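1. please find the sequence and the predicted model below.
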Amino acid sequence: MTKSIRCSDVGVNCDWRAAAATEGELMVMVESHAKAHGYFEIPPELLLKVKSAIRDDVSNHKPDSV
Ligand SMILES: [Zn+2]
């Protein structure tokens, strides 16, 4: 099972998406991408949005093959 997230699911007008094997790995990717939006630390309210936007991806498609 893959955990995936799209930036647009958090309410940002952005095409970025990521997938990882675990939520922890995904959060590392989210944190580094957040810098592109000026968040050098993710505020707690945004973190909640991110966590609720994370979905279990049963299909095994690669996030960058779109
Ligand atoms: Zn983004």
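-> Good, I have the coordinates. Treat the numbers as computed from the prediction; the structure is a model and nothing was measured.

2. can you name every helix or strand that the longest helix anywhere in the chain contacts?
-> Taking DSSP state H as the criterion, the chain has its longest helix at helix 23-34. Secondary-structure packing of helix 23-34 (3 or more CB pairs under 8 Å, 6 or more residues apart in numbering; DSSP states H and E): strand 2-6, strand 17-20, helix 44-53. Where you see a C-beta, it was placed from the backbone N, CA and C, and this is true even at glycine.

3. export these to TSV and append columns for mean pLDDT, mean neighbour count and distance to Val30.
-> Shown next, in TSV, are the helices and strands packed on helix 23-34 (pLDDT from 0 to 100; neighbours: other CB atoms under 10 Å; distance: least, CB to CB, whole Å):
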stretch	mean pLDDT	mean neighbour count	distance to Val30
strand 2-6	95	19	6
strand 17-20	96	18	7
helix 44-53	95	14	6
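
4. returning to that earlier point: and the longest helix of the chain, average pLDDT?
-> The average pLDDT for helix 23-34 rounds to 96.

5. residues touching the residue nearest to Thr22 when sequence neighbours are not counted, list them.
-> Nearest residue to Thr22, sequence neighbours excluded (CB to CB, 6 or more residues apart in numbering): Lys3, at 6.5 Å. Lys3 makes contact with Ala19, Ala20, Ala21, Thr22, Glu23, Glu25, Leu26, Ile54, Arg55, Asp56, Asp57, according to CB atoms under 8 Å, 6 or more residues apart in numbering.

6. out of the residues you listed, which are buried?
-> Ala19, Ala20, Leu26, Ile54 (16 or more other CB atoms under 10 Å).

7. residues touching the third one, list them.
-> With contacts defined as CB under 8 Å, 6+ apart, the neighbours of Leu26 are Lys3, Ser4, Ile5, Ala18, Ala19, Ala20, Ile54.
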